[in-house]
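Q: need a 3D model of the sequence below.
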Amino acid sequence: IRAGSIGYTAFSPRPSISRHSSIATNPPIDRTKPKDYLILAVLACFCPVWPINIVGFVYSVMSKNSLEQGNLDGARRLGRLARMLSTVSLIGGTVIIIAFRNSPHVVV
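A: Sure, this is the predicted structure:
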């Protein structure tokens, strides 16, 4: 491939016909403030699924810190993880509480 071929640049290891971005191929940029789900993570800490809810709480705090530093993508990703872990913790905790509440071998 010669240096004068179509789309070749010194920074590109391979030639390309077009380097222009397209609106149709680029996803729209979401600039809304991402949620950190801190209240949900705190509520999940009251469930008896302690390793999962603590990690969800940590991800929530990390999401809040990423947002304060201006990292919107990191805050959004960490917020989604915090929401998922907190939801799993709430559902798992509810199942555990119901299962042990109705168990005849548990003294309450």
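Q: how about the strands in the chain?
A: For the chain, strands defined by DSSP state E do not occur.
Q: show me the shaky parts of it.
A: 1-30, 105-108 (pLDDT under 70).
Q: now do the buried residues in the longest helix seen in it.
A: Determined from DSSP state H, the single longest helix within the chain is helix 72-101. Residues 72, 74-79, 81-83, 85-86, 88-90, 92-93 are the ones in helix 72-101 that count as buried (16 or more other CB atoms under 10 Å). Where you see a C-beta, it was placed from the backbone N, CA and C, and this is true even at glycine.
Q: what's near enough to touch Lys33?
A: By CB atoms under 8 Å, 6 or more residues apart in numbering, the contact set of Lys33 is Leu67.
Q: backbone dihedrals for it, please?
A: Here the main-chain torsion angles of Lys33 (degrees, to the nearest 10) amount to phi -70, psi 120.
Q: start the count at 6, not 1, going forward
A: Fine by me, first position is 6 from now on; the one you just mentioned is Lys38.
Q: so how far is Glu73 from it?
A: Lys38 is 11 Å from Glu73, where distance means CB to CB, to the nearest Å.
Q: and if you look at Ala49?
A: Ala49 is 22 Å from Glu73, by CB to CB.
Q: pretty sure Leu86 sits against Val66.
A: No. Using CB atoms under 8 Å, Leu86 is not in contact with Val66; the gap is 11.8 Å.
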